[in-house]
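Student: sharing a sequence plus its predicted fold:
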2 protein chains.
Amino acid sequence: MEVVASVAVLRERVGASRATGQVIGVVPTMGALHEGHLSLIRRARADCGYVVVTLFVNPTQFGPNEDLSRYPRDDEADRAAAEAAGGDLLFKPPVEQVYPAGFSTYVTVEGLTSGLCGASRPTHFRGVTTVVAKLFNMVQPDRAYFGEKDYQQLQVIRRMTRDLDFPVEIVPCPIVREPDGLALSSRNRYLTPEQRAAALSLSRGLHAAREAFEAGERNAGALIRRARQGMEAEPLLRIDYVELVDAESLTPVEKLDLPALLAVAAYLGDTRLIDNCVLGH
Amino acid sequence: MEVVASVAVLRERVGASRATGQVIGVVPTMGALHEGHLSLIRRARADCGYVVVTLFVNPTQFGPNEDLSRYPRDDEADRAAAEAAGGDLLFKPPVEQVYPAGFSTYVTVEGLTSGLCGASRPTHFRGVTTVVAKLFNMVQPDRAYFGEKDYQQLQVIRRMTRDLDFPVEIVPCPIVREPDGLALSSRNRYLTPEQRAAALSLSRGLHAAREAFEAGERNAGALIRRARQGMEAEPLLRIDYVELVDAESLTPVEKLDLPALLAVAAYLGDTRLIDNCVLGH
């Protein structure tokens, strides 16, 4: 797999591939690839004639006190993993190329970005939509693959893509979990063994709420309480939010309209983890 | 010239033309075409194999008390004029298609948009950059043509295009003037004969400042005073601003660094007109 840093070379490769009639897929990542990312690359491989994996730890989506400086980086392992999963080209631009001197343009999605993770990370989604718009213009893909683990991000990117008329199909891919249920995340690498054990309470909380839902519970407050119970029993865990929202608009629901998203975020030490499940799918 | 309302048909036509190796040019307009617009279309015709003219009176770039509802519209005359100037396709999307229900994404350029027209029209440039980003994604042109009459707009669009990596070359085109010096504008149609006569003081003020510059004047305050003098003598004219700014960053200059932009805006009744000249070109 070729590793490319320059937009001009990237466009040349993509253009040559498109000229032979290939469908172009892109999988945007911040590296530290795990099975979740690899499932996106495999899906793109199955769907597309040419698969671009992008690797860029995007500074504008980190808040001032977040983990930008310690975000895990292992470019050689990422390259090998992306290649094994079926990537054709790894695009790894330097930060000065992505954000040149005088950079001052931002893409913002209103409404969808104000709740859930947007409440505790107020500039996060602006950074995500800005860099994804840039990557779409750099790569010019036909399809782009995003994981449902970052469900709010997925909805925000869908909205941006529709609103700005990007000629790109957004393909959502299911959450990949460890055998015990923990959702895969590059940030799981930060966890101590004790934190790793406590982190299970996120997926367990979601599972308990889903069981209540499947047994007929439709009261949002009751479902949220079920999800919180196990999490609140974990002394290492600090809950950021547990919310039940409309799966499309991401606005809170009181009485369950389907499909609804049950979304959780919590801290283990300095590490912030998220997880979710859609009820009524 | 074909008139097209749907993005799908537009993309089909552009795609077919690109497949034969043609360079695609776009001239974005709000209609009410005058010789300024036609000069852009002629330039695009000379440069490109396929020329798309867009006609869309963009509501998001008008403020709440501005002239959206009375903005001049004459679609049949515009079609004929665009065709005569060399347009291949007129793209005229309905507003519900451009801004569908739930629309909530905006493209913003910071800094460049805060002064000059941005000071009195705080949401104007956000509307411009958002719709131009959309039009770029709808048309997918190789080149886009903008007039220097809207100099701040041109700089803002250049910045957006660079910052978001749109694969589009921005081509600036010179101001077109009436024989007596008045810069062409769709809004000139609003002027009474008395206002039309008074409007000349904008270009006369710029001309007086340019003469002083050519005679060696380099003090920004003195040049601004020269431009204001004739304008302030006109009782029908209400000045919005007269500013001398760096032609790249649009920040005010005190001592003249070249090239500098001398920009003016003024009201005649409810009609707001702008004009400018670059000193040191």
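Tutor: Nice, I can see it. Residues are numbered from 1 along each chain as shown, chains lettered A, B, ... in the order given.

Student: how about A:Q229, secondary structure?
Tutor: Following DSSP: H, G, I helix; E, B strand; the rest coil, A:Q229 is assigned to helix.

Student: close to chain B: what parts of the stretch 1-150 of chain A are there?
Tutor: A:7, A:11, A:100, A:102-112, A:129-130, A:133-134, A:137-138, A:140 (CB under 8 Å from any CB of the partner chain). Using the backbone N, CA and C atoms, a C-beta is placed for each residue, glycine as well.

Student: which PyMOL command selects the buried ones in those residues?
Tutor: For the buried members of the residues of the stretch 1-150 of chain A next to chain B, the matching PyMOL selection, counting by 16 or more other CB atoms under 10 Å in any protein chain shown, is:
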select buried, chain A and resi 7+11+103+104+105+106+107+108+109+112+129+130+133+134+137+138+140
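
Student: show me the residues of the stretch 1-150 of chain A next to chain B that map onto helices.
Tutor: A:7, A:11, A:129-130, A:133-134, A:137-138 (DSSP state H).

Student: and the two most separated of those?
Tutor: Greatest spatial distance in those: A:R11 and A:T129, 21.6 Å, computed using CB to CB.

Student: count the residues that sit near A:T60.
Tutor: 18 (other CB atoms under 10 Å in any protein chain shown).

Student: now the one 4 residues further on
Tutor: Around A:P64 there are 6 other residues, counting by other CB under 10 Å.

Student: where does it sit: helix, strand or coil?
Tutor: Taking three-state DSSP, the label given to A:P64 is coil.

Student: low pLDDT regions in chain A?
Tutor: Along chain A, the parts satisfying pLDDT under 70 run over A:281.

Student: the longest helix anywhere in it packs against which elements?
Tutor: Determined from DSSP H, the single longest helix within chain A is helix A:193-214. Contact here means 3 or more CB pairs under 8 Å, 6 or more residues apart in numbering or on different chains; DSSP states H and E; on that basis helix A:193-214 packs against helix A:220-232, strand A:237-246, strand A:260-268, strand A:271-279.

Student: just say which of these is most tucked in.
Tutor: Of all these, strand A:260-268 has the most neighbours on average by mean count of other CB atoms under 10 Å in any protein chain shown, namely a mean of 23.

Student: from A:T271, how far out is the residue nearest in space to the middle of chain A?
Tutor: Nearest to the geometric centre of chain A sits A:D150, at 3.6 Å (CA atoms, centre = their mean). Distance from A:D150 to A:T271, counting by CB to CB, to the nearest Å: 16 Å.

Student: in contact with whatever residue of the stretch 1-150 of chain A ends up closest to chain B, which residues are there?
Tutor: In the stretch 1-150 of chain A, the residue that lies nearest chain B is A:T105 (3.5 Å; CB to the nearest CB). With contact taken as CB atoms under 8 Å, 6 or more residues apart in numbering or on different chains, A:T105 is in contact with A:130, B:107-110, B:129, B:159-160, B:163-164.

Student: which ones among these are found in strands?
Tutor: Counted as lying in strands by DSSP state E, out of the contacts of A:T105, are B:107-109.

Student: near chain A, from those?
Tutor: Near chain A, by the rule CB under 8 Å from any CB, you find B:107-109 out of those.

Student: what's the closest of these to B:S185?
Tutor: For those, the nearest to B:S185 is B:V109 (22.7 Å; CB to CB).

Student: wait, the closest one sits on B:D163?
Tutor: Yes. B:V109 lies in contact with B:D163 (CB atoms under 8 Å); the separation is 7.4 Å.

Student: per-domain residue ranges of chain A.
Tutor: By the assignment in automatic domain parsing, chain A contains the domains A:2-173, A:186-275.

Student: closest to B:A265 out of those domains?
Tutor: Nearest of the domains of chain A (CB to CB): domain A:2-173, 22.4 Å.

Student: what is the burial count for the residue of the stretch 151-281 of chain A found nearest chain B?
Tutor: Going by CB to the nearest CB, chain B is nearest to A:D163 of the stretch 151-281 of chain A, at 3.5 Å. Other residues lying near A:D163 total 22 when counted by other CB under 10 Å.
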